[in-house]
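S.K.: Fold the following for me, if possible:
(chains A, B, C and D)
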There are 2 protein chains.
Amino acid sequence: MNLRELARLLDLSQTTVSRALNGYPEVNEDTRQRVLQAVRMTGYRPNRAAQRLATGRTNSIGLVMPTGAGRDTDLHFAEFLSGLSEVAVGNDVQLVINPSRIEDEEATFRRLAAGGSVDAVYLSYIRRSDPRIALLKSLSLPFVVHGREIDGVLDYPLLDIDNAGAFADATRLLLQLGHRRFAFLNAADHLSFAIARHQGAAEALSAAGLALDPALVQNSPMTEEHGYRGMMRLLDQAEPPTAVLCSSVILSLGAVRAVNERGLRLGRELSLIAHDDVFPYLKAENFSTPLTTTRSSIRQAGIRIAERLIGEVAGIAADPQQEIWKADLIVRASTGPAPGSSRPKARAQAPT
Amino acid sequence: MNLRELARLLDLSQTTVSRALNGYPEVNEDTRQRVLQAVRMTGYRPNRAAQRLATGRTNSIGLVMPTGAGRDTDLHFAEFLSGLSEVAVGNDVQLVINPSRIEDEEATFRRLAAGGSVDAVYLSYIRRSDPRIALLKSLSLPFVVHGREIDGVLDYPLLDIDNAGAFADATRLLLQLGHRRFAFLNAADHLSFAIARHQGAAEALSAAGLALDPALVQNSPMTEEHGYRGMMRLLDQAEPPTAVLCSSVILSLGAVRAVNERGLRLGRELSLIAHDDVFPYLKAENFSTPLTTTRSSIRQAGIRIAERLIGEVAGIAADPQQEIWKADLIVRASTGPAPGSSRPKARAQAPT
DNA sequence: CGATCCACTCAAAGCGCTTTGGAAGACATC
DNA sequence: GATGTCTTCCAAAGCGCTTTGAGTGGATCG
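M.R.: Just a heads-up that it's a prediction; the model follows:
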């Protein structure tokens, strides 16, 4: 069943039927009802490809999803996607996943732009200085970046959290608790959010006349296993840290396992602050020792980015093109005074 | 840049250019090279919408992803998706995500089928008796089901694991270890895989003259928190179980937390077997007590289903339309002889 | 040397929709 | 009754591709 048949059936022209369906005013309300009735009867649905060809709009937004060797599934991406799709469904927009190996990404974007398969794209896993952004700017394809570059000018539409601020806050909290020796279990060091978090921590430390010992910094994929191994390595140091920053609760999961295995107690011998992207299936507050976190829902970010992408397509650019969200610092039991620290000599010191 | 301009540029007809690009034999190799060269120079990409309209094929497969209130992101879905997309990228196929609330799913499928936006669809979260399958059969849209119905005839293309078999195996192992009191932390009870797992366990038990105490069965979303609460409830029973089956490692994560909190030891006072979908970021072997699992990679399932979907579109149906994978039973440290059990009186009995 | 065949190329007809540029009829205005 | 103005509808022209059916010219054959 296509438009022509439907029109013939109704003894109307294609034009009128099309207009009736697309809500144009110049069609009699009675006629419109007749058309809608016929649509219901026949189960007619417009052919998407034809619509696209005729209008040039696709009603879909593209996700270029990184794949390839070593690219494990990313929990964070999935949660983000869930936010995106929530908005997409409400606006009758499809999400088109274009898995692409990192080295093919440029080609993929060019194909998307030139082939007109999507109205807009979303970009993430931003690197320190990311050529893909310049590419997208040159491509006349609306986009919103999740994250941002470290060095360049921020003259493109983006949504990011204040990673540096969050980890500076976390670091300052630990400094106040008397900690002096810090470690950082971070994400891969080519990712800009990992760099920003590192910088935030480093700046807060240097304000206190301290520095991050490179031996106490790990950059790795954010898996439980890497969290475990990283923490083990830290605890095996001659002079182990008393405070650990951690870029994900999934890393923390492993880190906590290592801590438990060593018979240490979080918030006592060792303090830990993790960044919490807010996963419904793994909550920082439910760790055996509830975790102090910097919290920002990655799902909310997905929702907001979808809204903005849809806006961009409709020609309504968000007013501040650069949107930076503060992360909340949520203090729970995994942080406590530094052992042996004289300053906030807490009641909770174990009577060793 | 479109086909016509490109053809004009090359002083060839659209036909010839199109054929050169699509690998038809009746075009001179020199000509083909000239065309390819021009494509490289101009950056020409065929318009997808036009291609679709002309060929009727979309080169994309649809995922109807459940969303809506209470539908949390599903780890398992994300990992599956990663497998799907790996194959998709290799075949130049797009994945089109159609988020849809459960009550709108029928409409969504009809729209996909009639609108021709995808060549094939994938269906999961199968329920005991699932009307969507009948719908898809009637829709002349190729599909592959991930999972299967409990009751109906299996006359549709599907891929599933032997859930009942896996949990029967797990149960028998625990029976051999002398366990008599079983619990089950399962997924939501409208999902067919949860039902099958329950049946598998129940059958193995009844073969031993035992039964699952309904008070020791939980059906819930598979989150850490539900695992924790479920296990707590089990341990608070007047007569707590000594063996626990668990439908996901993420549930186990919470369950293990509860066990630790109660000062119990896995493989000693309590044995646990979880189903492991093989997440790269959370491995059953890395739990503080490595978990005995029934293992089957959900990512591999994604890969296989993508292959089959692509095959269906190409007109090559998989030979056995119903593909059932056995899960491996991997014995690790979380299972041990039942406490107080006389049968396999183990060396490892705590000297209470 | 004309007939036959092959390799190569082309013009044109769709695919199913939207949208432009009217046109017909109804109604009001002068 | 002529003119103008809405309202409602239509015919036809694309959108950019694939594919059918029909040539070309040159090589091969009898």
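S.K.: what ranges of the stretch 201-350 of chain A fall below the confidence cut-off?
M.R.: Applying pLDDT under 70 to the stretch 201-350 of chain A flags residues A:342-350.
S.K.: Could you rerun that using 90?
M.R.: A:312-320, A:340-350 (pLDDT under 90).
S.K.: ok, now which ones touch A:Leu205?
M.R.: Contacts for A:Leu205 were tallied using Cβ atoms under 8 Å, 6 or more residues apart in numbering or on different chains; they are A:Thr171, A:Leu175, A:Phe182, A:Ala211, A:Leu212. The way it works is simple: take the backbone N, C-alpha and C, and place the C-beta from them, glycine included.
S.K.: Tabulate those in CSV, adding columns for distance to A:Val64 and neighbour count.
M.R.: Below are the contacts of A:Leu205 laid out as CSV (distance: Cβ to Cβ, whole Å; neighbours: other Cβ atoms under 10 Å in any protein chain shown):
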residue, distance to A:Val64, neighbour count
A:Thr171, 34, 27
A:Leu175, 40, 19
A:Phe182, 35, 25
A:Ala211, 37, 10
A:Leu212, 33, 19
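S.K.: nearest to A:Ile298, of those residues?
M.R.: A:Thr171 (21.7 Å; Cβ to Cβ).
S.K.: Next one: whichever residue of the stretch 201-350 of chain A sits closest to DNA strand D from chain B, what distance?
M.R.: Nearest residue of the stretch 201-350 of chain A to DNA strand D, counting by Cβ to the nearest atom of the strand: A:Val313, 17.9 Å away. Per Cβ to the nearest Cβ, to the nearest Å, A:Val313 is found 15 Å from chain B.
S.K.: Could I get the pLDDT score of the residue in the stretch 151-300 of chain A positioned nearest to DNA strand D?
M.R.: Ranked by Cβ to the nearest atom of the strand, the top residue of the stretch 151-300 of chain A for proximity to DNA strand D is A:Pro157, at 25.7 Å. According to the prediction, A:Pro157 has pLDDT 96.
S.K.: what does A:Thr16 give?
M.R.: Model confidence at A:Thr16 (pLDDT) stands at 92.
S.K.: One more: A:Thr67?
M.R.: Looking at A:Thr67, the pLDDT reads 72.
S.K.: what's the helix or strand hosting A:Asp160 in contact with?
M.R.: Element membership for A:Asp160 (DSSP states H and E) is strand A:158-161. Contact with strand A:158-161 is made by A:144-148, A:193, A:296, A:301, A:304-305, A:308, A:321-327, as judged by Cβ under 8 Å, 6+ apart.
S.K.: Please, a ChimeraX command that selects the buried ones among those residues?
M.R.: ChimeraX command restricting the contacts of strand A:158-161 to the buried ones, with burial defined by 16 or more other Cβ atoms under 10 Å in any protein chain shown:
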select /A:144,145,146,147,148,193,296,301,304,305,308,321,323,325,327
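S.K.: Tell me which of the contacts of strand A:158-161 fall in helices.
M.R.: Those of the contacts of strand A:158-161 mapping onto helices are A:Phe193, A:Ala301, A:Arg304, A:Ile305, A:Arg308, per DSSP state H.
S.K.: Could you save those residues as CSV and add columns showing distance to B:Arg4?
M.R.: Shown next, in CSV, are those (distance: Cβ to Cβ, whole Å):
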residue, distance to B:Arg4
A:Phe193, 45
A:Ala301, 42
A:Arg304, 41
A:Ile305, 37
A:Arg308, 35
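S.K.: Would you map the helices across chain A?
M.R.: Under DSSP H, chain A gives helices at A:3-10, A:14-21, A:29-42, A:48-55, A:75-90, A:105-115, A:131-137, A:163-176, A:192-207, A:224-235, A:249-261, A:298-314.
S.K.: if you compare these, which one is most tucked away?
M.R.: Of all the helices of chain A, helix A:249-261 has the most neighbours on average by mean count of other Cβ atoms under 10 Å in any protein chain shown, namely a mean of 24.
S.K.: and that helix, what does it pack onto?
M.R.: Identification of packing neighbours for helix A:249-261 by 3 or more Cβ pairs under 8 Å, 6 or more residues apart in numbering or on different chains; DSSP states H and E yields strand A:182-186, helix A:224-235, strand A:243-246, strand A:271-276.
S.K.: go with 10 Å
M.R.: Under the contact criterion of 3 or more Cβ pairs under 10 Å, 6 or more residues apart in numbering or on different chains; DSSP states H and E, helix A:249-261 touches helix A:75-90, strand A:182-186, helix A:224-235, strand A:243-246, strand A:271-276, strand A:292-295, helix B:249-261.
S.K.: would CSV of those with distance to DNA strand D be doable?
M.R.: CSV is the format used below for the helices and strands packed on helix A:249-261 (distance: least, Cβ to the nearest atom of the strand, whole Å):
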stretch, distance to DNA strand D
helix A:75-90, 25
strand A:182-186, 45
helix A:224-235, 45
strand A:243-246, 49
strand A:271-276, 45
strand A:292-295, 47
helix B:249-261, 45
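S.K.: Nearest to DNA strand C, out of those?
M.R.: Of all the helices and strands packed on helix A:249-261, helix A:75-90 sits nearest to DNA strand C, with 19.7 Å by Cβ to the nearest atom of the strand.
S.K.: and that closest one with helix A:249-261, angle?
M.R.: 150 degrees (axes from the mean of the first three to the mean of the last three Cα atoms, to 10 degrees).
S.K.: What residues does the closest residue to A:Val87 other than its chain neighbours make contact with?
M.R.: Leaving out its chain neighbours, the residue that sits closest to A:Val87 by Cβ to Cβ, 6 or more residues apart in numbering or on different chains is A:Ala306, at 3.5 Å. Neighbour list for A:Ala306: A:61, A:80-81, A:83-91, A:93, A:95, A:120, A:122, A:144 [criterion: Cβ atoms under 10 Å, 6 or more residues apart in numbering or on different chains].
S.K.: repeat for A:Val145
M.R.: A:121-124, A:126, A:130, A:132-133, A:136, A:154, A:156-160, A:305, A:321-322.
S.K.: Look up the pLDDT of it for me, please.
M.R.: The model's pLDDT for A:Val145 equals 96.
S.K.: mind checking how far it is from B:Gln300?
M.R.: 33 Å (Cβ to Cβ, to the nearest Å).
S.K.: give the contact list for the closest residue to A:Asn260 other than its chain neighbours.
M.R.: Excluding its sequence neighbours, the residue lying closest to A:Asn260 (Cβ to Cβ, 6+ apart) is B:Ser288, at 6.4 Å. Contacts for B:Ser288 were tallied using Cβ under 10 Å, 6+ apart; they are A:Tyr228, A:Val256, A:Arg257, A:Ala258, A:Asn260, A:Glu261, B:Val256, B:Val259, B:Asn260, B:Leu266, B:Ala333, B:Ser334.
S.K.: hmm, 7 Å instead?
M.R.: By Cβ atoms under 7 Å, 6 or more residues apart in numbering or on different chains, the contact set of B:Ser288 is A:Arg257, A:Asn260, A:Glu261.
S.K.: of the residues you listed, closest to B:Arg233?
M.R.: Among the contacts of B:Ser288, and counting by Cβ to Cβ, the member closest to B:Arg233 is A:Asn260, at 23.4 Å.
S.K.: Pretty sure A:Leu95 sits against A:Asn59.
M.R.: No. Contact criterion Cβ atoms under 7 Å: A:Leu95 and A:Asn59 do not qualify, at 10.7 Å.
S.K.: out of these two, which sits in the more crowded spot?
M.R.: A:Leu95 (25 against 18; other Cβ atoms under 10 Å in any protein chain shown).
S.K.: circling back: want to throw the helices of chain A into JSON lines with distance to B:Thr223?
M.R.: Formatted as JSON lines, the helices of chain A follow (distance: least, Cβ to Cβ, whole Å):
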{"stretch": "helix A:3-10", "distance to B:Thr223": "47"}
{"stretch": "helix A:14-21", "distance to B:Thr223": "43"}
{"stretch": "helix A:29-42", "distance to B:Thr223": "41"}
{"stretch": "helix A:48-55", "distance to B:Thr223": "36"}
{"stretch": "helix A:75-90", "distance to B:Thr223": "13"}
{"stretch": "helix A:105-115", "distance to B:Thr223": "33"}
{"stretch": "helix A:131-137", "distance to B:Thr223": "34"}
{"stretch": "helix A:163-176", "distance to B:Thr223": "25"}
{"stretch": "helix A:192-207", "distance to B:Thr223": "25"}
{"stretch": "helix A:224-235", "distance to B:Thr223": "16"}
{"stretch": "helix A:249-261", "distance to B:Thr223": "13"}
{"stretch": "helix A:298-314", "distance to B:Thr223": "14"}
